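Engineer: Next comes the sequence, and after it the predicted model I'd like to discuss.
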Amino acid sequence: MRSARQRVDSDSMTARAARCLPTFAGVLLLACAALLTPAARAQDAPVGQAPSGDTSPSAEAAPATAGDWQRAFGMMPIQDGGRVMPLDTFARRLAVDLTGRAAWREGKGPEGFSGRPAIELLADLIARPQEVFRSPLIAVNHEGLKQQVGLDVGRKFFTPQEIMRAEKLHELVAGMQERRAADSGYKPSLAERKAGEAQTAAMTVAMFQRDRQFALIPRTDSPIYATVGTATAEPGYEDVQAALWDFRVAYLTGNDVGGAVERLKATIAGHAQTTPAVASNIRLEYFYTHHRPWIWAAVANGLAILCLIGLAITRLKLFAVLAGVAIVAALGEQLLGLGLRITILDRAPVSNTYEAVLWMGIVSTLFGLVGQAINRKGLYLAAGLTASMLCIIFSQLVPLTDQTNSIPAVLRSNYWLIIHVMTIVASYGAFLLAAVLGHAFLVRDVLLRRPVDPDARLIVQTYRLMQLGLVLLTVGTILGGVWAAESWGRFWGWDPKETWALISIVLYFLMLHARYSGWIRDFGLAVLSVIGFISIVWTFYGVNYVMATGLHSYGFGSGGEKWVGIWALIEIAFLGLCFTRRKASRVRKPAPRVSENNAAEAVPPKGSSPTTA
């Protein structure tokens, strides 16, 4: 039994920890507020606000207050990129293409767009394209590119006019296109890709100067929407063109913008109306965009982790109840987001990097719940919540493009998306959970030198998750070969994605075999769980975003390379610190103390040599 002093020390420590919990909660809430603030400020921007620095007469007009025109305008359907979406989604994608983000905090983004919603940027492009063409709007973040083409290195945003006049930039893009035409395997440099993005952004703005057409009008005899602009329209839709022109005038003058939007919608409806299914998807997508279920899931995950920490320290049932509520809320928001994406896009939500990361987070939570139900003393649930929150944060902070894009023909099979891609990404979730537990082991046993309870061995839990991930990855890779045989006529072709999937399988098989054979012990397996997940990140992300070669070209993209590189460096530094700490602790480890009672037994027999542990 514990002594009275030990109980007092434990109680005082518990009391101090309990007093610290409000501070931890406050820090977490501030972090969550920081995530939510930029979009909230953008949505709360004054209606009809003109760009800052705009001295035209239209900038001095009174803001439109007649109704929520932003919502009405944003919920109008538009056909773009192979699907029908809300005009609000179209505007957000346009803002990302031009400025790098869908919304900017006031004072942080390009002049004229900071603190304003994307739908107003679209309205500006429709109503005053010449002014936008001369406004610093296009983000160019590559310093080497700016030096190479003669742009000001000290600036981040440039006017479309400046980009169009940068002859060296166009020469760089033309050279890249020529090399691509001559060599299908040519891989453009980062500077060339950024130059191409800047040129495309400038040309996009220039299209609005030439009366950019919008596919706003559904047809009764065709799935292809009719197009209309402020000055021209397809034959038979001149009244819609006139209504769009009236919206432009109302926006410029700030006079009854909401009424102009309603008249535009009524004019379009006079020709044809969207089907009930499309109209329902428009409402759901608008709700999905503005509700932001993944952000709320991250908040709930953080609160659940905080409550679990409080439960471990204080053993108060209140924290158990609060943790349960937060976990249910987090999983509910994740499943809501997943269900909305499936309904809106009519496919399994794993067709791009953004969706795969979110699915990985959901799988981590589910695996954590199942593992915790099997082993009540384990840390599966805490690790699952941590992994899920990391996935959501990564998906929201890294500018991954085309979050709701249409998919190529090779992926238009929900059957294979479900049984192959979702299985592969589920294995990534298991490996992520194993890596989180491996980190926990290294922090507690190596850095803090606080061995874990042997009844809830972190390393055993890590081992089990690595086994699960290896099974899922192997099955998913075999299923991918079957799909490849159906789509490309061969089971295996040593494509970079296939090759690195096989490398990952072999690596994890060797890790588990080394542990089973006793070649490595607890510390070695914990380190290998981290190294193994680095290989998974390369297979999942590096092949698509760094190598960008092979038949899996539909999965390629750009964005987030800097963040992933920083993460990899932090992991290497962390492992280096663990090795250094462990080596130092083993060198300074004192000899075992021998009591007087068994001193004689500790003395080695004559003629024998002492052994070392």
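Structural biologist: Yep, it's here. In this text the structure is predicted, and so the values were computed from the model without any measurement.

Engineer: what's around the residue lying closest to residue 564 once chain neighbours are set aside, how many residues?
Structural biologist: Take residue 564 and drop its neighbours on the chain: the residue closest to it by Cβ to Cβ, 6 or more residues apart in numbering is residue 541, 6.0 Å away. (Each C-beta comes from the backbone N, C-alpha and C, glycine too.) Burial measure for residue 541: 20 neighbouring residues, criterion other Cβ atoms under 10 Å.

Engineer: What of residue 202?
Structural biologist: The tally of other residues near residue 202 (other Cβ under 10 Å) stands at 25.

Engineer: which residues does it contact?
Structural biologist: By Cβ atoms under 8 Å, 6 or more residues apart in numbering, the contact list for residue 202 reads 138, 160-161, 163-164.

Engineer: cool, and residue 464?
Structural biologist: Counting by Cβ under 8 Å, 6+ apart, the residues that residue 464 touches are residue 371.

Engineer: go with 10 Å
Structural biologist: The contact partners of residue 464, taken as Cβ atoms under 10 Å, 6 or more residues apart in numbering, are 371, 374-375, 378, 380, 430, 433-434, 437.

Engineer: Would you indicate which residues of the helix or strand hosting it are buried?
Structural biologist: Residue 464 is part of helix 458-488, with elements assigned from DSSP states H and E. For helix 458-488, the buried set under the neighbour-count rule, 16 or more other Cβ atoms under 10 Å, comprises 458-459, 461-470, 472-477, 479-481, 483-484.

Engineer: Grab the nearest non-local neighbour of residue 126.
Structural biologist: Sequence neighbours aside, residue 248 is the residue nearest to residue 126 in space, at 5.9 Å (criterion: Cβ to Cβ, 6+ apart).

Engineer: how about low-confidence regions in this structure?
Structural biologist: 1-67, 397-414, 451-456, 547-560, 587-613 (pLDDT under 70).

Engineer: Could you break it into its assigned domains?
Structural biologist: For the chain, the structural domains run 57-276, 352-586, going by automatic domain parsing.

Engineer: possible to save those domains as TSV with distance to residue 315?
Structural biologist: Formatted as TSV, the entries for the domains of the chain read as follows, by distance: least, Cβ to Cβ, whole Å:
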stretch	distance to residue 315
domain 57-276	42
domain 352-586	14
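
Engineer: still on that earlier bit, need the contacts of residue 464 in TSV with secondary structure, distance to residue 300 and neighbour count, can you?
Structural biologist: What follows is the contacts of residue 464, written out as TSV (DSSP: H, G, I helix; E, B strand; the rest coil; distance: Cβ to Cβ, whole Å; neighbours: other Cβ atoms under 10 Å):
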residue	secondary structure	distance to residue 300	neighbour count
371	helix	20	22
374	helix	24	10
375	coil	24	16
378	coil	21	21
380	helix	18	25
430	helix	22	26
433	helix	18	33
434	helix	24	33
437	helix	21	30
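
Engineer: So which of those is the closest to residue 177?
Structural biologist: Minimum separation from residue 177 among these (Cβ to Cβ) is found for residue 430, which lies at 42.3 Å.

Engineer: Now for residue 266, how many residues are close by?
Structural biologist: When counting by other Cβ under 10 Å, one arrives at 10 neighbours for residue 266.

Engineer: before we move on, back to that, return the member of the contacts of residue 202 nearest to residue 97.
Structural biologist: Relative to residue 97, and with distances defined as Cβ to Cβ, the nearest of the contacts of residue 202 is residue 138, at 9.2 Å.

Engineer: mind listing what that closest one touches?
Structural biologist: Contacts were defined as Cβ under 10 Å, 6+ apart; by that measure residue 138 touches 97-100, 110, 156-160, 162-163, 197-202, 204-205.

Engineer: What helix or strand is the closest residue to it other than its chain neighbours located in?
Structural biologist: In this structure, residue 138 finds its nearest non-sequential neighbour in residue 201, 4.6 Å apart by Cβ to Cβ, 6+ apart. With secondary structure defined by DSSP H and E, residue 201 is part of helix 190-209.

Engineer: For that helix, buried residues please.
Structural biologist: Within helix 190-209, the residues that qualify as buried by neighbour count (16+ other Cβ under 10 Å) are 191-199, 201-202, 204-206, 208.

Engineer: any idea how far the nearest residue to residue 384 once chain neighbours are set aside lies from residue 386?
Structural biologist: The shortest distance from residue 384 to any residue that is not its chain neighbour, by Cβ to Cβ, 6+ apart, is 1.9 Å, and that residue is residue 368. Using Cβ to Cβ, to the nearest Å, we find residue 368 at a distance of 9 Å from residue 386.

Engineer: Now the common contact residues for these two.
Structural biologist: Counting by Cβ under 10 Å, 6+ apart, the shared contacts of residue 368 and residue 386 are 379, 433, 436.

Engineer: possible to save those residues as TSV with distance to residue 305?
Structural biologist: Converted to TSV, those look like this (distance: Cβ to Cβ, whole Å):
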residue	distance to residue 305
379	11
433	14
436	11
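
Engineer: Please, which helix or strand holds the most centrally placed residue in the chain?
Structural biologist: Here the mean C-alpha position of the chain is nearest to the C-alpha of residue 395 (Cα atoms, centre = their mean), at a distance of 0.9 Å. In this assignment (DSSP H and E), residue 395 forms part of helix 380-397.

Engineer: for that helix, packing partners?
Structural biologist: Here helix 380-397 touches helix 4-43, helix 293-314, helix 317-345, helix 353-374, helix 422-441, helix 458-488, helix 561-587, going by 3 or more Cβ pairs under 10 Å, 6 or more residues apart in numbering; DSSP states H and E.

Engineer: tell me which residues in it are buried?
Structural biologist: Within helix 380-397, the residues that count as buried by 16+ other Cβ under 10 Å are 380-396.

Engineer: ok, now stretch 525-537?
Structural biologist: Buried residues in stretch 525-537, counting neighbours by 16+ other Cβ under 10 Å, are found at 525-530, 532-537.

Engineer: circling back to that earlier point, so which of the buried residues of helix 190-209 is the closest to residue 69?
Structural biologist: Among these, and counting by Cβ to Cβ, the member closest to residue 69 is residue 208, at 19.5 Å.

Engineer: Not counting sequence-adjacent ones, nearest residue to the closest one?
Structural biologist: Nearest to residue 208 is residue 129, by Cβ to Cβ, 6+ apart, at 3.9 Å.
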